[in-house]
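**Student:** Below: sequence and its predicted model.
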There are 4 protein chains.
Amino acid sequence: MASNTFGNLLRITTFGESHGIALGVIIDGCPAGITLSEKDFLGDLARRRPGQSAVTTARQEADAPTILSGVFEGKTTGMPIAVTVQNTNQKPEAYEKLRTEFRIGHADATFASKYGHRDHRGGGRQSGRETVARVIAGVVAKKILPKNLRIIGHTVQIGSLEAGVYKPETIEKNPMRCADPAVAKTMEAYVLKLKSEANSVGGLIEIRVKNPPKDLGDPVFGKLKSRLADALMTIGAVTGVSYGAGFRTAGMEGKDYVKNTDNFGGMLGGISTGDDLILNISIKPASSIGQVAKEGRHDPCIVPRVIPVAEAMVALVLADCYMLQRAYRS
Amino acid sequence: MASNTFGNLLRITTFGESHGIALGVIIDGCPAGITLSEKDFLGDLARRRPGQSAVTTARQEADAPTILSGVFEGKTTGMPIAVTVQNTNQKPEAYEKLRTEFRIGHADATFASKYGHRDHRGGGRQSGRETVARVIAGVVAKKILPKNLRIIGHTVQIGSLEAGVYKPETIEKNPMRCADPAVAKTMEAYVLKLKSEANSVGGLIEIRVKNPPKDLGDPVFGKLKSRLADALMTIGAVTGVSYGAGFRTAGMEGKDYVKNTDNFGGMLGGISTGDDLILNISIKPASSIGQVAKEGRHDPCIVPRVIPVAEAMVALVLADCYMLQRAYRS
Amino acid sequence: MASNTFGNLLRITTFGESHGIALGVIIDGCPAGITLSEKDFLGDLARRRPGQSAVTTARQEADAPTILSGVFEGKTTGMPIAVTVQNTNQKPEAYEKLRTEFRIGHADATFASKYGHRDHRGGGRQSGRETVARVIAGVVAKKILPKNLRIIGHTVQIGSLEAGVYKPETIEKNPMRCADPAVAKTMEAYVLKLKSEANSVGGLIEIRVKNPPKDLGDPVFGKLKSRLADALMTIGAVTGVSYGAGFRTAGMEGKDYVKNTDNFGGMLGGISTGDDLILNISIKPASSIGQVAKEGRHDPCIVPRVIPVAEAMVALVLADCYMLQRAYRS
Amino acid sequence: MASNTFGNLLRITTFGESHGIALGVIIDGCPAGITLSEKDFLGDLARRRPGQSAVTTARQEADAPTILSGVFEGKTTGMPIAVTVQNTNQKPEAYEKLRTEFRIGHADATFASKYGHRDHRGGGRQSGRETVARVIAGVVAKKILPKNLRIIGHTVQIGSLEAGVYKPETIEKNPMRCADPAVAKTMEAYVLKLKSEANSVGGLIEIRVKNPPKDLGDPVFGKLKSRLADALMTIGAVTGVSYGAGFRTAGMEGKDYVKNTDNFGGMLGGISTGDDLILNISIKPASSIGQVAKEGRHDPCIVPRVIPVAEAMVALVLADCYMLQRAYRS
């Protein structure tokens, strides 16, 4: 199966390489009559953008989306919505070494083995830049979902530093996207130190969905939890996905597990209960460290920038299931 | 999307309720000419079967598979392989209470909300008995894969008990499917104690794939890791999926992460490297405890029985990707 | 893609060979709460059955369907509905010659070339007996569609004999399923003559859908007309599909074409208008003639028996589109 | 299902409206290492282009394709190939009347009913201009297929005028794309007369595939003939699809049918035999006639321009099946 497409009723197809002319996304299946313009994308694109703070890569990307189709006089028409973003920062010469030198922990070698011929510039298609397309699609997905639904991602751990309190209003006010403002500061200092050392660190993200519709997901292979796991694991940096009590269930006895419905993560039998959805994803440290980091794009802590991408993927799954659920109501 | 189907080129469709006439699976897309008979299923079905040891539920299920189609004179024909298993143990009256009483931590309430009308007997479609169909399909998938490939699942943690050594030859020799024979004994005693208390416990499983083909999986949405996460999360008891260093990456720095290729779990950029695939799944404790456990089917530790199901799901993903990879070779 | 599955939201998977143990179908995606029992299938199965009249093959097939899953206390549960039919008439020795002798105009040679190993008995999977599964699925599809919708297939041509009048109430009262009772008699006599000569004949079928919902189908690749063409062309005997004025449009000028909305066949831009859907399919004469017909199963005119199969395929497409259309309503 | 996507292993997604900024296509699943540049598209785009001769619409479209992704240093990379074409000829005011006045025989009313909000300019998404995207994709598909395969479409009938001889070398030398040079001239005169009368005419196209691989297509729902029927019926102007003897089979007896293998159209049991594939499609006359034709875009005979689109759809199906067939070879 050609595999640059995600979703069923709401289906996106992404394309484009890091240093090609443009990248973009086709969003197919969006209902007609939804207000949409390029401005709607800017907020989440800015949250995903490198260079937004000192803790992330300094590489600047100008992400100016253009809607090519599917929107007429400010509203969607039900036709495929094509959005492109030009790659203004094309410096192929900066990446000439990558043509033949495969970086450890990167997809250079697997791409070369599988495809033979590849665009090596800045990682080409394997670059995290592809997630621009996902963030754009996520904005549309959120417009399809109920207005009071909120998808809130935040950093709960960076290295050995863990958030202790949960103040959601502070998440977007610190570069770590951590809901614990005090720990956020410690995390920031730690990441800046790693940056100076050309080192990197992983982290843990919680995504919490407030006011999710109930009845989403299917009993066997289309479980909401498996669709979400699939969606989140398509993000390059994600190494693990769990819901509710997650990996802590390995150590739990039944009598403790059933005491707190948060342990169920808002899903039972693969179907949403209407309670908050609770998801966790683990993020690996960037493999570009040391000399490679100094020469190329160095991202000491990708965790805060993964958050809007993860939120977008969750939104896409929920919108797809939400539309699907309507189909079965007579 | 109707969602009792899994896979693309190798595609299975499962059906059947716990206490209906029969359950089964259609395996579509299996190449022609592969030797197959009912006997091939018996080994893995026995590994999945309740009542196989004292540490699991005492309910006995007679799983005698019948191949209805797709096999002629002992070999597959490329046509859909239908396999059914009769449900001999139909005691609907034993479950009459479930018609209206929804068990905590079960899908009773979500099914009732989503579908209105449901088969409540023994959990109906939501019962773990559905995994009989998956195990059968997994046997076929393994026959499609290279002969020297091995999928080895084993229990690495039960509650606070963790395996310390890895002796793979001992896994199938103890009811816990633990590769550490000494810890296996401790685990067993612990589970028997929980059984007597009508309590239960979760656990952690590692699945290691030896000799996987390289080049499996796709760069963006069909990453091998995301297909595997989807597949494993369709198992009811699974609460988390990770690969390589998994959730430990949250605490790791880049300079440590890149030191050991096991941390990559055999996949880079969504594509298999040819190194061992390393997956971990966390299993929740059965929610049927206390009075509910005493009245119904009590499974103090489902972990060992999830292993053959998880292996089957991994086999299905790998076989699908293996066939897919051939399509793109000119 | 494994290809024994048809449909999206309402999705069927068929399996089984002509002389295997059983054949059947999994119907996935049917909403819960619909009354369904085995008796519902008997009417259409009898219409498809060989041996129902002198004009068709004399081979008798006992088609007793069993619902294995997805129905509880007489109503669907939203879970996959598995229905099997045993093959009671297994006479493999009658077909021993087919193992190595490939009949002209049959799939014997293409199956042998593509799959190498095949079930040759009575055509195996390539046998028209597979359509039992489709007729069963069509019954479920019709239950999903609006109550006043009617799908009416009838024979409009057999060889050089063409129906002149349209009396729908007479269709099921003659073995030719022709809406012109007088021509039906002539057709019958002609077919009986062909039967005595071990010859066969093709024909033309019109399928008219009364009271179809409007808004079904999609603008580009999922046009209602293309879904229907796909569905009808999956029937082995069908050599052509058209809608509205169909192939007559090749000879028409625009000023005549737009005069009669029947020429549009109830679809514009790939979407149903709410007017009657009008479809035509051409049927080839059975290739088993002469000596082959005398030795095996001879069907001098398969046209009347294709009608319930074609109706079933139309029902499946319409039900799928009908459910799909609901998904996009906000 | 979002339905602007076609194909499985080779999968295209088209987007764009007639008078939007741009239209285009994402071609996903193309193997790596195939030589490709914008120039490759120009030949078939010119064959599809309006204004290429006096017999078609005078509207000029400048179709300058740009490859945005998936090609690096002149060769495909296995990543999605995005190609866009700017709409330079945007005259929205010319179509203001279409906002509220629905043309007979057009999709104006069905789009308005199904979507509520629509881009009315020049037909918007429903415009034949969407086929630019298909022609581009077809060029890529042909590069995947064996080098000696040829897909040859030609006009066999226009109104009551039928080609009598088959001289394939003359097809592209006359504006009617008719293989009978003498009849082509008569056809041309006839169409010019219709043009002066603001009238239009339909026609019949044969598509013949020379040197098709054998073993393409599947036995039941993915028959090669049903995939082709689906593909060709997605073209707006197509009213019927047949293969081999097609609708003539309705009048044939078995003893005549089996005499000529051309009657089988190169497919048996849904699978290609290796003989020439023979397909026929009927084309409706353009519904824009009289006053509507004078005000807007008048196409007295769309038949020759449908040919490259139909060839592209056939190429897409064949390339998809060709790749699929490889997957099942062990």
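**Tutor:** Yes, it's here.

**Student:** which helices and strands does the longest helix along chain A pack with?
**Tutor:** Longest helix of chain A, by residue count under DSSP state H: helix A:303-327. When contacts are defined as 3 or more CB pairs under 8 Å, 6 or more residues apart in numbering or on different chains; DSSP states H and E, helix A:303-327 sits against helix A:39-48, helix A:131-144, strand A:150-158, strand A:203-210, helix A:224-233, strand A:277-283, helix C:303-327. Every residue, glycine included, has its C-beta placed from N, CA and C.

**Student:** Chain B contacts on the stretch 51-200 of chain A?
**Tutor:** A:104-111, A:113-114, A:125-126, A:130, A:157-160, A:194, A:199-200 (CB under 8 Å from any CB of the partner chain).

**Student:** With distance to A:Asp28 added, can I get the helices and strands packed on helix A:303-327 in JSON lines?
**Tutor:** Shown next, in JSON lines, are these (distance: least, CB to CB, whole Å):
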{"stretch": "helix A:39-48", "distance to A:Asp28": "17"}
{"stretch": "helix A:131-144", "distance to A:Asp28": "10"}
{"stretch": "strand A:150-158", "distance to A:Asp28": "22"}
{"stretch": "strand A:203-210", "distance to A:Asp28": "24"}
{"stretch": "helix A:224-233", "distance to A:Asp28": "17"}
{"stretch": "strand A:277-283", "distance to A:Asp28": "25"}
{"stretch": "helix C:303-327", "distance to A:Asp28": "13"}
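
**Student:** With respect to C:Ala64, which of those lies nearest?
**Tutor:** helix C:303-327 (17.0 Å; CB to CB).

**Student:** how many degrees apart are the closest one and strand C:150-158 in direction?
**Tutor:** 150 degrees (axes from the mean of the first three to the mean of the last three CA atoms, to 10 degrees).

**Student:** if I look at A:Glu206, how far off is B:Glu253?
**Tutor:** Distance, A:Glu206 to B:Glu253, using CB to CB, to the nearest Å: 21 Å.

**Student:** no wait, A:Gly105
**Tutor:** Distance from A:Gly105 to B:Glu253, by CB to CB: 13 Å.

**Student:** go on, A:Thr186?
**Tutor:** From A:Thr186 to B:Glu253 the distance is 16 Å (CB to CB).

**Student:** Between those two, which is the more surrounded one?
**Tutor:** A side-by-side neighbour count of A:Thr186 and B:Glu253, using other CB atoms under 10 Å in any protein chain shown, places B:Glu253 first with 19 against 14.

**Student:** Spell out which residues of the stretch 51-200 of chain A are next to chain D.
**Tutor:** Residues of the stretch 51-200 of chain A that fall close to chain D, judged by CB under 8 Å from any CB: A:66-70, A:72-73, A:75-82, A:84, A:114-119, A:124-125.

**Student:** The same query, at a cut-off of 6 Å, please.
**Tutor:** A:68-69, A:72, A:75, A:77-80, A:82, A:115-119, A:125 (CB under 6 Å from any CB of the partner chain).

**Student:** So which of these are in strands?
**Tutor:** A:Phe72, A:Lys75, A:Ala82 (DSSP state E).

**Student:** Considering these, which possesses the most neighbours?
**Tutor:** A:Ala82 (32 neighbours).

**Student:** Next up, the contacts around that residue.
**Tutor:** By CB atoms under 6 Å, 6 or more residues apart in numbering or on different chains, A:Ala82 lies in contact with A:Ile26, A:Leu68, A:Ser69, D:Phe15.

**Student:** quick one, what contacts the residue most central in space within chain A?
**Tutor:** What sits nearest the mean C-alpha location of chain A, by CA atoms, centre = their mean, is A:Val309, with 2.0 Å. Going by CB under 6 Å, 6+ apart, A:Val309 touches A:Thr131, A:Arg134, A:Ile235.

**Student:** could you redo the last one with a cut-off of 8 Å?
**Tutor:** A:Arg48, A:Thr131, A:Arg134, A:Val135, A:Gly138, A:Ile235 (CB atoms under 8 Å, 6 or more residues apart in numbering or on different chains).

**Student:** Kindly reformat those residues as CSV and extend each row with neighbour count.
**Tutor:** Supplementary listing: the contacts of A:Val309 in CSV, determined by neighbours: other CB atoms under 10 Å in any protein chain shown:
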residue, neighbour count
A:Arg48, 25
A:Thr131, 25
A:Arg134, 28
A:Val135, 25
A:Gly138, 28
A:Ile235, 24
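
**Student:** Run through the residues of the stretch 201-330 of chain A sitting next to chain D.
**Tutor:** So the stretch 201-330 of chain A never meets chain D (CB under 8 Å from any CB).

**Student:** could the helices and strands packed on helix A:303-327 be laid out in a markdown table, adding distance to A:Val314 and mean pLDDT?
**Tutor:** Shown next, in a markdown table, are the helices and strands packed on helix A:303-327 (distance: least, CB to CB, whole Å; pLDDT from 0 to 100):
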| stretch | distance to A:Val314 | mean pLDDT |
| --- | --- | --- |
| helix A:39-48 | 13 | 95 |
| helix A:131-144 | 8 | 98 |
| strand A:150-158 | 5 | 98 |
| strand A:203-210 | 6 | 98 |
| helix A:224-233 | 6 | 98 |
| strand A:277-283 | 7 | 98 |
| helix C:303-327 | 20 | 96 |
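
**Student:** out of the contacts of A:Ala82, who has the most neighbours?
**Tutor:** A:Ile26 (33 neighbours).

**Student:** tell me the angle of the helix or strand containing that residue relative to helix A:131-144?
**Tutor:** In the assignment (DSSP states H and E), A:Ile26 maps to strand A:22-28. Angle of strand A:22-28 versus helix A:131-144, following the same axes, to 10 degrees, is 30 degrees.

**Student:** since we're on whatever residue of chain A ends up closest to chain C, how many residues are nearby?
**Tutor:** Using CB to the nearest CB, the single residue of chain A nearest to chain C is A:Ala327, 3.9 Å away. For A:Ala327, the neighbour count with other CB under 10 Å is 23.

**Student:** which bits of chain A sit near chain C?
**Tutor:** A:1, A:8-9, A:29, A:31-33, A:78-79, A:144, A:219, A:323-324, A:326-330.

**Student:** Give the buried residues for whichever strand or helix holds A:Met187.
**Tutor:** Applying DSSP H and E as the criterion places A:Met187 in helix A:181-196. For helix A:181-196, a neighbour-count test (16 or more other CB atoms under 10 Å in any protein chain shown) marks A:Pro181, A:Val183, A:Ala184, A:Met187, A:Glu188, A:Tyr190, A:Val191, A:Leu194, A:Lys195 as buried.

**Student:** how far is it from where the chain is centred?
**Tutor:** Per CA atoms, centre = their mean, to the nearest Å, the displacement of helix A:181-196 from the mean C-alpha position of its chain is 22 Å.

**Student:** correct me, but A:Arg208 touches A:Asp275?
**Tutor:** No. The pair A:Arg208 / A:Asp275 is not scored as a contact, 10.7 Å apart, by CB atoms under 8 Å.

**Student:** more crowded one of those two?
**Tutor:** Neighbour totals were compared for A:Arg208 and A:Asp275, and A:Arg208 leads with 22 against 19 (other CB under 10 Å).

**Student:** Compute the distance between that one and C:Glu197, please.
**Tutor:** Taking CB to CB, one finds A:Arg208 at 76 Å from C:Glu197.

**Student:** and A:Met79, what does it touch?
**Tutor:** Contacts of A:Met79 by CB under 8 Å, 6+ apart are A:Ser69, A:Gly70, C:Pro219, D:Asn4, D:Phe15, D:Glu17, D:Asp119, D:Gly124, D:Arg125.

**Student:** nearest residue to the second one other than its sequence neighbours?
**Tutor:** Using CB to CB, 6 or more residues apart in numbering or on different chains and skipping the chain neighbours, the partner closest in space to A:Gly70 is A:Ile81 (3.4 Å).
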